[in-house]
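> sharing a model that was predicted from the sequence below.
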Amino acid sequence: MEMNCIGIVGLGYVGLTIGVGFASKGFKVIGIDIKKENVEKINSGKSQFYEPGLEDYLKETIANQKFKASLDFNELNSCKIIFICVGTPSKESGESDLTHITKAIIETGKIVKNMENNPIIVIKSTVPPGTTLNEFIPLLIKYSNKKIGKDFSIAMSPEFIKEGNALDDFFHPDRIIIGAYDENTINTLRDLFKIFNCPIYAVKNISTAEMIKYVNNAFLSTKISFINEIANICRLIKDVDVNDVAKGIGMDKRISDKFLRAGCGFGGSCYPKDLKALIYFAKSQGYRPSLLPSIIEVNENQAQITVDILRNALPDLSNKRIAIFGLAFKPETSDMREACSLRIINILQQERDIKISVYDPKAMEEAQKILGDKVIYATSIEKCIEGVDACIIVTEWDEFKNLEPEFFIKHMKNPLIIDSRKIYNHEKFSKVLSYFEIGRL
């Protein structure tokens, strides 16, 4: 069992990214996934999702025999440290669904049974506070038939990588949080993480580390919904642009300018689900939060605000053709989980005989799985807006940012733009076409 051998359980966004990252740092990495098609694809040098630069690193680490994906948990036998990176999606109630991660913990426990030199299980998945202590540790003890602190140990080290910037976040983290069962585990992980030039904060217990992840995402979500609420108020006031307001308050060091970009709302695999899970957890403990539900309410309403702006400009949407630029929940990813594009499309589809054409540089394959034949899939931005009555900018891809007003005038039946990400210059666009945006009248 070698310190330089690392195991990864779950090869989704987090697992594959940190696995390839550690492999590129010279560690031997064994990645486990239960889906055969994922393992085969990964071992051929291809990722099952788009993330800038990831496939290049993946191909290099496979060629150097530093990274390998497998279906077999037994291949973790040589690993000193095993990271659990299995998804914890939301149930309908908002509660975290721990089904998949629980199965992963059980399988890991069975492997620990035959391991000799104190492996460390590190939870990277986002789980409610107390889960590791009350559920995972008992399962590991049961299925390994070993003693924690003597034969194996466990820690929680939440992951903060951002989709679209995951590799850079892995190599240059702001900080690393460790909550561990004992001091020896903390010291071992400090040794591992010293390859990163960042502060390492070892908190007093595992539950605190679990809570930090939820609070981190809840606070960032709060800033987004706050500035979106302010954006909606700014649209009531002539000549007031929320961007100017955001810049003004962002210069206050107590606030900062981060996460103060108004838009049609946040999405993705983390913020919505983690907010719902934190609300559910609080209620399960007898506390009814008031602020956290309002963050979700504001966020989900932004899609309606966007469509309302369109309706004000084009009151009768029946028999109209609307273009949607951007489907992924953010640029530089193919992920459409909880994407505001889906909420906007769902609202538009309530109109009679409306036709919706869509285009995204990376998320078209994912969109077809989700939307089926509900929309028209364009192969280019030109074909997406050819002859349309309006275009809604939903995801701020560079491909869209670089467009000039003349492009829209040339291709659209009615050059009407709803800019829900505020990527264009208001004065430049509003002079020559019908241009409306979030956060400005």
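All right, it came through fine. Residues are numbered from 1 along each chain as shown.
> give me the domain ranges for the protein.
What automatic domain parsing lists as the domains of the chain is 2-204, 229-437.
> roughly how far is the first one from the heart of the chain?
This means domain 2-204. Here domain 2-204 is found 17 Å from its chain centre; the criterion is CA atoms, centre = their mean, to the nearest Å.
> now do it, average pLDDT.
Throughout domain 2-204, pLDDT has a mean value of 96.
> what does stretch 414-431 give?
Rounded mean pLDDT across stretch 414-431 is 97.
> show residues contacting that stretch.
Stretch 414-431 is touched from outside by 241-243, 261-264, 302, 306, 309-310, 313-314, 326, 340, 344, 388-396, 400-401, 403, 405, 408-409, 433-440, with contacts defined as CB atoms under 8 Å, 6 or more residues apart in numbering. Where you see a C-beta, it was placed from the backbone N, CA and C, and this is true even at glycine.
> where along the stretch 51-200 of the chain do the strands fall?
67-70, 79-84, 120-123, 153-156, 176-180, 200-202 (DSSP state E, counting those that start in this stretch).
> oh, I was asking about the stretch 251-400 of the chain
Using DSSP E, counting those that start in this stretch, strands in the stretch 251-400 of the chain cover 321-325, 355-359, 376-377, 390-393.
> can you put those in a markdown table and add mean neighbour count, mean pLDDT and distance to Asn425?
A markdown table is the format used below for the strands of the stretch 251-400 of the chain (neighbours: other CB atoms under 10 Å; pLDDT from 0 to 100; distance: least, CB to CB, whole Å):
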| stretch | mean neighbour count | mean pLDDT | distance to Asn425 |
| --- | --- | --- | --- |
| strand 321-325 | 26 | 98 | 17 |
| strand 355-359 | 21 | 98 | 22 |
| strand 376-377 | 16 | 98 | 29 |
| strand 390-393 | 26 | 98 | 13 |
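> by contact count, what packs against the top strand by length along the chain?
Counting by DSSP state E, the longest strand found in the chain is strand 2-9. Packing partners of strand 2-9 (3 or more CB pairs under 8 Å, 6 or more residues apart in numbering; DSSP states H and E): helix 13-24, strand 28-32, strand 79-84, helix 99-112.
> the ones you listed: which one's closest to Glu229?
helix 13-24 (29.1 Å; CB to CB).
> tilt between the closest one and strand 2-9?
160 degrees (axes from the mean of the first three to the mean of the last three CA atoms, to 10 degrees).
> by how many degrees do helix 13-24 and strand 28-32 diverge?
Using the same axes, to 10 degrees: helix 13-24 against strand 28-32 is 160 degrees.
> before we move on, back to that, pipe the strands of the stretch 51-200 of the chain into TSV and attach mean neighbour count per row.
Converted to TSV, those look like this (neighbours: other CB atoms under 10 Å):
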stretch	mean neighbour count
strand 67-70	22
strand 79-84	24
strand 120-123	24
strand 153-156	26
strand 176-180	23
strand 200-202	16
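> export those strands to JSON lines and tack on distance to Lys142?
Shown next, in JSON lines, are the strands of the stretch 51-200 of the chain (distance: least, CB to CB, whole Å):
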{"stretch": "strand 67-70", "distance to Lys142": "24"}
{"stretch": "strand 79-84", "distance to Lys142": "16"}
{"stretch": "strand 120-123", "distance to Lys142": "14"}
{"stretch": "strand 153-156", "distance to Lys142": "14"}
{"stretch": "strand 176-180", "distance to Lys142": "21"}
{"stretch": "strand 200-202", "distance to Lys142": "28"}
